[in-house]
Every structure is written in structure tokens, then in C-alpha cells.
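Visitor: Structure of the sequence below:
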Amino acid sequence: MPVNLTPNAIAAINGGDVNSKPLVQVLDIKLIGTTQERYRLLLSDSALTQHAMLATQLNDQIKSGRVKKGSVVQLIDYICSTVQNRKIIVVLNMETIIPDCEIVGNPRMCSESDTAAQKTLPNTSNGNGERTINSSIPQHSGQNAQTFRPAVQPPYQPPPNYRNHGAIMKNEAPARIIPISALNPYQGRWAIKARVTAKGDIRRYNNARGDGKVFSFDLLDSDGGEIRATCFNAVVDRFYDVIEVGKVYLISKGSLKPAQKNFNHLKNEWEIFLEATSTVDLCQDEDVSIPQQQFSFRPISDIENAENNYILDVIGIVVSVNPSVPILRKNGMETQRRILNLKDGSGRTVEVTLWGEICNREGHKLQEMVDSGFYPVLAVKAGKVNDFSGKSLGTISSTQLFINPDIPEAQNLRKWFDFGGKNAASLSISRENMPGASKNDIRKTVSQIKDEGLGRSDKPDWITIKATITFIKTDSFLYTACPLMIGDRQCNKKVTKSNSRWACDRCNQEFEECEYRYLLQVQIQDHTGLTWVTAFQESGEEITGCSAKELFMLKEQDDDRFREVIRNKLFGQFLFRLKIKEEMYGDEQRVKITVVKAEKVNYTSESKYLLDIVSKVCR
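Guide: Numbers count the residues shown, from 1 in each chain. Reported below is the predicted structural model:
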């Protein structure tokens, strides 16, 4: 039975007609794109052919075989854009009419003359804005009439959130509101309706073109699509104060460019760059169909195998919060840093480092809650994995913290913690990289360090010892360190004082304040013997209960009080996680024992551990 496609459909689309919903045939399909799968089609109206790009949300129609070479489809939602001086059809929605069909006609590639000729043809619309289709498909009832679906479908009605309204474009036609997932660089007119879920600070930069400033914000729509919008220079001044986290906006007239994945963690290959002509209009009515936030939580145990700089969401119970300390960046600007520890049901804890103003906002609130004896749930949106000295998370400009969020994951975590999780044993994945729980939580005694020759192989040994502190050296328990930041890490090299200023040989800079870092020599003892270990900054704070600077100032101002603090730490029992490695000191090989983490013994979980050992021995 002959199949007639919509006459002159290709030329009409090239001429700007995007409402006729024509019947066309797919002559070819090619997979293109590297960062994200995209399909390019060759469409035909039996006389002319034209290349088309398929919106990514329609990829499944190709993969499932519903659309293939020879298929007759009806274009429902589509636009035509010029890319590198060539017309291309962008298909946003379509329906398969005939899954498999012989090639219709003898089509050739559409040219500019075909488009110009189409503009001179009389209007053949049916009065409803749809073009009539000259089809030889029988219109009477019977079996043959049921073979094919009618070529003309009822007028396409977009979902309620994407009806044709929005910001007015240059030609005074309303910009069509589309899902974020349908955005691509081949569109001419578009608008999105989305909620701002995160807003970064204004950042200054300097490059070959001079000084500048930039800020970005993240958007989420009712379909769950996310995309980042970025503003530069004068556009920053125009929109920075307009954008508020949690509000819904209609946004149009931006350009789409490939997302910079080094800085953009969202699952979208494109990023919106707002320009002088862009519009950002606040929606006065709250749209409850757009969620406030979207999470993709990963258990803390997954962070162990995550790559450096990977961005992820995590939720856990805050079990400890350190004081905020000032840090001097390499550009001379001072910032704040605060470290907290998160625990979840995966049997792991992780350090989260807060940077900047977030230390004084959420960080201060969290410290007050923990100090009062309440351990809050914390959801971290877009934390950055750091693999320096173990795995940890750090905040970046787009990171958001949610304290006790009203979500099912938080409620389940609270129940777990309150009904046993608080005392459940867990292993820190931070500080030093200790791969695998079965390996890095190996219990040893002090005597076994020497008897088994630990630390004398090519790789360090990682063990856990339950021991008591018997002595702490107080003559040199810290060193003065460089506070400057090199990337996202602190220099920490030893600095010297000259003329009331501190100088760092590595950074070749001087500054008024240095940082004080622990270099604590501690003697520990168990029932088999005693040994010396070295505790650096974080583990030193865990042993002493205060920062190195606080302890230094106490020694300078009140030596009696200083000695009392040290005496109170003696004979405390800890679980010491140790890194043991033989190193060269001058011409001599020595075994160095470093405290990776020091946890006060929790006698409930320790008793369970010992009972488990007894039960295994008695089997």
C-alpha cells in the first residue's frame, strides 16, 4: 500500500514552520558525541532530505528499535536552527507511525532555493494551524483502514509546566518553556522554569584579557533536570542580587556551551551562559511541582574508592566538630577552616573540611549542637573528594549543608543512630589512606611491632593498638608552619621569624601570622610493652582536646595551667590507629610510628569486639 509523506515538509520547516506536525521518513541514523550520546537523523518528505538532531530524552526510541532506518514518524515538537551556516532540525518530540517501511520517493538534499520556493506556496492549513496531508491511505472503515494510523494527529498539548508562555523574545513571540533536559545549542528561542538550588560567591580572576569576576548558580526543574548558569563581569552586577536560593525563575536568552566538568558537577553536558540580553524573571507564585533540592546520596564507604576531586552527595551523623581556625591563602587573603566528622551505617566515618563563610554559619551551629550533647544529621550536597593523607571531603563554592533535613534518608539515619548506631564500631577513612577494613583494622600489641618487624617492608603497615598514654614531651610539642594555601592544600612548611614577620622558603613570602601545628611525641603502653609514637595536627588535637595554638598560648601565659592540661591527658586509654614505616635518618634506618587517629576507648563497642573474639575462639 502506498505511503504518502507530508508534501513540502522539509522546505516548510527550513522556512520557519514548526507547527505543521508533518509525517516524514527516517533514512539514516548515526550516533555522535563523546561526552553524551546523541543521534543524528536524515529525514525525508519523499522529495527532499534534511539532517536532524534528536533530543537526548528521545534516545531510548532509537535504542529500543521503535525508530530505525525506514521508519515513518510524525514530528510533534521541533525547531529549526542554523549551525555553521547549515540548517538543522532539532527533534524534541515525535511519534512512530510506521516502524518499518520501504524508502518513499527519490529524495535529494534540501537547498536554499527549495526553502525560498516554499515561501511562495499557498497556505494549505486546515484552519486549525495544521497542514493537510495528501495521503492515499483509505479513509473508509474496514481492516485496511486500521493498518495505518491517521497522518494528522490531534494538536500536541505540552505538559502543564511547559505550555507556550514565558519571556518575550525579539520578534514578540513568547519563548516556549521546555524541560532542562531538552536544552541544546541548536535551539533559537527557549525558556526554562526552574528553582535555584545553589548559588556561588563572586570569584575574581586575572588572565591574559585582564581582570574579571564570575559567579554561577544551579537550577532544577519539575522533571528533575539540572543545569548550571554562569555570569561574567557586567552580567554579574545585573543578576547576582536578583538570584536567591530556593526561588523559581523564568530564564531565557542565554547561550549554551559545553559544561566545564572540572568545576561543574551536575549531570548535564551543557551550561547556560547569561548575557546582556538574557532575562531572569522571578515567578511570584510558588511552583510545588519543582522540588527544593535533589540529592544522590552515596554511603561514606563509597568514598574510599572515589577518585580525587570527585563530587558527590553524602549524609551522616555529625559526631565531632573542631574549632574554626584562620588560614592565610597564597594570595594573601585570610579564610576560615573547620573540620568535622560524619558517621553513617556503612561502618565508616569521614572528615569533612568546611572552608570560608560556611565555617561561621553552619559550622558554628553544628559545633554548638555537638557541644550540647546532640549529634545532628548533616546532608552535604556537592562535597569534593580529597585523597591527600587519606580520603576526606571538602566544601567548594557550590557545596550546601543541610542540618537535620526533613527527608526520609535523614529520618532513617536518626533512628539508626539513636537505636544502636551511636555505639556501633566504625573506621575512619581519613588522614592516611588505609585500604580495606579487614586489613587496616588489624589489632596488634606493642610487642608485636618489634617481634613481627612491622614497617620494614616496602609498604607501610597499618595497625590498631589499644594503649594508655604514659608520657607526653612538652619541651617541643609543635612547630610554626606556613599558613598559605597551595591550591586546596595548605603549605605547612616550617617557617622562621625575622623582624616580627614569618618567612616561608617554599612560598618565598612573608606574613604577620603563622600557624601552629602539633609535632607531639607520646609514649604509649599496653600489657606487652611501651613505645614512642608521633602525633601530628589532627591526631594531636584528638589527644590533647585543643588546638596547637591554644596549647602554645596557654604555656606562654600560664605554665601551671598548661602542665595541668598535660597531666589530665596521661593514663587515658585510646584506640590508636598507627602507620608504621622504616625511614632513613642520616645514615641510620629507623622505624617511624605515626598516629593516624586517636579515639578514646568506647567500652561498649570494645566489649562487643572482645566478646566477638572470644566467641570465634570458642567455636
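
Visitor: what's the closest non-adjacent residue to I543?
Guide: Once flanking residues are discounted, I543 sits nearest to A598: 5.1 Å by C-beta to C-beta, 6 or more residues apart in numbering. For every residue, glycine as well, the C-beta is placed using N, CA and C.

Visitor: quick one: the one you found from F574, how far?
Guide: Using C-beta to C-beta, to the nearest Å, A598 is found at 5 Å from F574.

Visitor: Identify the contacts common to those two.
Guide: With contacts defined as C-beta atoms under 8 Å, 6 or more residues apart in numbering, the residues shared by A598 and F574 are I543.

Visitor: So between those two, which is more surrounded?
Guide: More crowded of A598 and F574, by other C-beta atoms under 10 Å: A598, with 25 against 22.

Visitor: give the contact list for that one.
Guide: By C-beta under 8 Å, 6+ apart, the neighbours of A598 are 535, 539, 542-543, 574-577.

Visitor: what's the most distant pair in those residues?
Guide: Distance extremes for these: the farthest pair is A535 and L575 at 13.6 Å, using C-beta to C-beta.

Visitor: More neighbours: which of these two?
Guide: Taking other C-beta under 10 Å, A535 and L575 do not tie; A535 has more neighbours (24 against 20).

Visitor: Model confidence score at that one, please.
Guide: pLDDT for A535: 93.

Visitor: One more: I178?
Guide: Looking at I178, its pLDDT reads 87.

Visitor: again, but for T120
Guide: 52.

Visitor: All further residue positions should be reported with the first residue as 800.
Guide: All right, first residue 800 from here; so that's T919.

Visitor: secondary structure element for the residue nearest to I1342?
Guide: strand 1387-1399 (DSSP states H and E).

Visitor: and that strand, which residues are buried?
Guide: Within strand 1387-1399, the residues scored as buried using 16 or more other C-beta atoms under 10 Å are 1390, 1392-1398.

Visitor: Check stretch 1319-1337 too.
Guide: Buried-residue list, stretch 1319-1337, by 16+ other C-beta under 10 Å: 1319, 1321-1323, 1325, 1327, 1330, 1332-1337.

Visitor: and which of those residues is nearest to V1041?
Guide: The closest of the buried residues of stretch 1319-1337, once distances to V1041 are taken by C-beta to C-beta, is E1337, at 41.3 Å.

Visitor: where does the closest one land in three-state SS?
Guide: Per DSSP: H, G, I helix; E, B strand; the rest coil, the local secondary structure of E1337 is helix.

Visitor: Give the full set of residues in contact with it.
Guide: For E1337, the contacting residues are 1121, 1138, 1150, 1230, 1396, by C-beta under 8 Å, 6+ apart.

Visitor: pLDDT check: weakest of those?
Guide: When the contacts of E1337 are compared, the smallest pLDDT is that of R1230, 62.

Visitor: now the contacts of A1397 in a markdown table, with distance to D844?
Guide: What follows is those, written out as a markdown table (distance: C-beta to C-beta, whole Å):
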| residue | distance to D844 |
| --- | --- |
| A1334 | 77 |
| S1338 | 73 |
| E1341 | 74 |
| I1342 | 78 |
| F1373 | 79 |
| L1374 | 75 |
| F1375 | 77 |
| R1376 | 71 |
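
Visitor: In strands, which of the residues you listed appear?
Guide: Secondary structure assignment by DSSP state E places 1334, 1373-1376 of the contacts of A1397 in strands.

Visitor: Just want the angle from the longest helix anywhere in the chain to strand 1387-1399.
Guide: The helix that spans the most residues within the chain, counting by DSSP state H, is helix 1402-1416. If you take axes from the mean of the first three to the mean of the last three C-alpha atoms, to 10 degrees, helix 1402-1416 sits at 110 degrees to strand 1387-1399.

Visitor: buried residues in stretch 980-993?
Guide: Residues of stretch 980-993 classed as buried: 980-983, 985-986, 988-993 (neighbour count, 16+ other C-beta under 10 Å).

Visitor: Okay, now that stretch: how far is its last residue from its first?
Guide: Length of stretch 980-993, first residue to last, C-alpha to C-alpha, to the nearest Å: 12 Å.

Visitor: next one: that stretch to chain centre, how far?
Guide: 23 Å (C-alpha atoms, centre = their mean, to the nearest Å).

Visitor: same thing with stretch 818-835?
Guide: 32 Å.

Visitor: quick one: low-confidence parts of the stretch 1050-1199 of the chain?
Guide: 1061, 1128-1132, 1187-1188 (pLDDT under 70).

Visitor: Quick one: the buried residues of strand 1387-1399 as a markdown table, columns for distance to T1194 too.
Guide: As requested, these are arranged in a markdown table below (distance: C-beta to C-beta, whole Å):
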| residue | distance to T1194 |
| --- | --- |
| V1390 | 37 |
| I1392 | 32 |
| T1393 | 27 |
| V1394 | 26 |
| V1395 | 23 |
| K1396 | 22 |
| A1397 | 25 |
| E1398 | 24 |
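
Visitor: tell me which of those residues is nearest to I1050?
Guide: Of the buried residues of strand 1387-1399, the one sitting nearest to I1050 (C-beta to C-beta) turns out to be K1396, at 46.7 Å.

Visitor: Before we move on, what's the pLDDT of the closest residue to that closest one other than its chain neighbours?
Guide: The spatial neighbour of K1396 that comes closest, neighbours along the chain excluded (C-beta to C-beta, 6+ apart), is R1376 at 4.4 Å. On pLDDT, R1376 comes in at 89.

Visitor: again, but for the one 10 residues further on
Guide: Per-residue confidence for D1386 comes out at a pLDDT of 71.

Visitor: Roughly how far does it sit from T1244?
Guide: From D1386 to T1244 the distance is 31 Å (C-beta to C-beta).

Visitor: So for these two, which residue has more residues nearby?
Guide: T1244 (16 against 5).

Visitor: Please name the nearest non-neighbouring residue to M1168.
Guide: Among residues not flanking M1168 along the chain, P1175 sits closest, at 4.9 Å (C-beta to C-beta, 6+ apart).

Visitor: number of nearby residues for that neighbour?
Guide: 16.

Visitor: list the contacts for it?
Guide: P1175 touches 1116-1117, 1165, 1168-1169, 1202-1203, counting by C-beta under 8 Å, 6+ apart.

Visitor: Which two among those are spaced furthest apart?
Guide: V1169 and N1203 (12.8 Å).

Visitor: could you pull out the helices for the stretch 1050-1199 of the chain?
Guide: Secondary structure of the stretch 1050-1199 of the chain (DSSP state H, counting those that start in this stretch): helices at 1099-1102, 1161-1170.

Visitor: Please identify the pairing partners of the helix or strand hosting Q873 and their relative orientation?
Guide: In this assignment (DSSP H and E), Q873 forms part of strand 871-882. Under the criterion DSSP bridges, strand 871-882 sits next to strand 822-831 (antiparallel), strand 885-897 (antiparallel) in its sheet.
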